[in-house]
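**Q** Below are the sequence and a predicted model for it; my questions follow.
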Amino acid sequence: MKKLLFILPILFFLSFPVHSQEEKSVCNQDYTISVEKCDPYVSNREKFATFSWDFSKISDFKSEAIKIEVVPILDCWNDVNGKDFRDEFYIDIKENVGSVKIHHIKMKAKCFKWRVVFNTSSCKGTGVWNYHSFLN
């Protein structure tokens, strides 16, 4: 019985999806963006995350107006509330639909937080922080 009580919470947390997604959260713009983990059997040195986005429904889309802000986190146990960071960087959205891979070895961090940054004529703002971990 004790084993069952121990295993049930673990199974509950593992049942959540392995990617995060943001939709319509900045200035009521209609877009989707997600981050997906790589295959869990990829070696630790080769782990990556894939950002995929679709901004095709935004009427005033300009490539320099939308970015994804990424902040590598060193204290991953605090999720998005971590306090120990590496320098932030931005992914420039050059096309309204696309994707890009981020490799953890280049970031020198095992997790990161990210958000969308808008600077269009109809919207200037940032989305909520999302969290992604390269750990299995």
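**A** That came through, no problem. Numbers count the residues shown, from 1 in each chain.
**Q** Run a quick neighbour tally on the residue lying closest to H103 once chain neighbours are set aside.
**A** Distances taken as Cβ to Cβ, 6 or more residues apart in numbering put F48 closest to H103, at 4.7 Å, once the chain neighbours are dropped. Placement of C-beta: from N, CA and C, glycine included. As a burial measure, F48 scores 18 neighbours (other Cβ atoms under 10 Å).
**Q** Tell me the spacing between F48 and I93.
**A** 19 Å (Cβ to Cβ, to the nearest Å).
**Q** again, but for C111
**A** Distance from C111 to I93, by Cβ to Cβ: 22 Å.
**Q** where along this structure do the helices fall?
**A** Assigned by DSSP state H, the chain shows helices spanning 2-14, 104-107.
**Q** Pick out the shakiest of those, pLDDT-wise.
**A** Note on the helices of the chain: helix 2-14 shows the lowest mean pLDDT, a mean of 44.
**Q** Touching, S122 and K62? I think so.
**A** No - assessed by Cβ atoms under 8 Å, S122 is found out of contact with K62, at 11.1 Å.
**Q** Quick check: end-to-end length of stretch 83-94?
**A** Start and end residues of stretch 83-94 are separated by 31 Å (Cα to Cα, to the nearest Å).
**Q** Since that was my last question, I'll sign off now.
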